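Chemist: Have a look at this prediction, sequence included:
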Amino acid sequence: MIELRGAPAAESLLQQARERLQNLPFVPHLHVVRLGEDPASVSYVRLKDRKAREIGLKSTVHVLPEESSQADLLVLIEHLNQDQDAHGILVQLPLPRHIDAQTVIETINPLKDVDGFHPENVGKLWLGQEALLPCTPAGILALCDHHQIQLSGKQVVIVGRSNIVGKPLAALMLSRDATVTIAHSRTLNLSEVTRRADVLVAAVGRPGTITPEMVKPGAVVLDVGVNRLEGKLVGDVAPEVQEVAGALTPVPGGIGPMTVANLMLNTVLAAERQR
Ligand SMILES: Nc1nc2c(c(=O)[nH]1)N[C@@H](CN(C=O)c1ccc(C(=O)N[C@@H](CCC(=O)O)C(=O)O)cc1)CN2
């Protein structure tokens, strides 16, 4: 079984970002907004801020109290939309329940939407037009390219239909001429569906969702899950899948680093387009 490590693939995305940065007459500025103190969000935002500074971007983290109103958050976003020194804006998800995430996403200027979640970017993605692409799905494609995983003509099964991973990944896989199936919590005979996959993507957020009997021998398995279980980070794929899969991404150290690296590249791309 081949271990598909994210670090080398992430490094090549970061190198691209650094090189493009050299050709800009200004330093792009990433603004990350976090509400509250959810430990996972605190840790992801810290990773983003550190990586941005490390590659030479400017980075500001705006922390709002968890009980902030939606109006307060929208005022901050409107301010950043107008700010010439804000090239990338990202609101860390999930948001507290009293805030409508979709309204927040739709308030971000699509040119600064480095998460690629704004409907304008989502629509462009499905139309095959140039867009800012969501970081995890674009990172998954970059990881496949780095490890020379052929996608054209392959059966790709994505388990999970979130707006962050499952749906945009389906569009990107289609753009590479894969035959794509999205499975989800209501899919009947899930094992039958997943066993058809040449490339199986687990993006559910539940440890142990994918078990060995759900995997075709030799399949490429991409584990997008990052779950904290008894103080340990685990994916959505049961460890025994290693015995069946031809290649598997580890958790941690697989897809996760690709998400952050792709965000850096998106910030540079967004700055180039605002130039
Ligand atoms: N606004 C957004 N919110 C969220 C996104 C997103 O893309 N935009 N995705 C996820 C969380 N996420 C980024 O925010 C994210 C997940 C995982 C990692 C990562 O590097 N994981 C490492 C382990 C890190 C650790 O030790 O905790 C790995 O898998 O190796 C980075 C970012 C939800 N919210």
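Modeler: Sure, I can see it.
Chemist: Any idea which residue is closest to the centre of the protein?
Modeler: Centroid-nearest residue in the chain: T136, 1.8 Å away (criterion: Cα atoms, centre = their mean).
Chemist: The nearest residue to L151 once chain neighbours are set aside and the ligand, how far apart?
Modeler: Among residues not flanking L151 along the chain, R176 sits closest, at 4.2 Å (Cβ to Cβ, 6 or more residues apart in numbering). In short, each C-beta sits where N, CA and C put it, glycine included. Counting by Cβ to the nearest ligand atom, to the nearest Å, the gap from R176 to the ligand is 20 Å.
Chemist: you'd agree R176 is up against I140?
Modeler: No. Assessed by Cβ atoms under 8 Å, R176 is found out of contact with I140, at 10.9 Å.
Chemist: neighbour count winner among these two?
Modeler: Using other Cβ atoms under 10 Å as the criterion, R176 and I140 rank with I140 on top: 30 against 16.
Chemist: do whichever strand or helix holds that one and the ligand meet at all?
Modeler: Following DSSP states H and E, one finds I140 within helix 135-146. Yes. On the criterion Cβ under 6 Å from any ligand atom, helix 135-146 is in touch with the ligand at 135-136.
Chemist: what's the answer for stretch 242-262, then?
Modeler: Yes. Using Cβ under 6 Å from any ligand atom, stretch 242-262 reaches the ligand at 251-253, 256-257, 259-260.
Chemist: between those residues, which is nearest Q82?
Modeler: Within the residues of stretch 242-262 next to the ligand, the smallest distance to Q82 is 27.0 Å, found for V260 (Cβ to Cβ).
Chemist: Now restrict the residues of stretch 242-262 next to the ligand to buried residues only.
Modeler: Taking 16 or more other Cβ atoms under 10 Å as the criterion, what is buried in these is 251, 256-257, 259-260.
Chemist: No further queries at this time; thank you.
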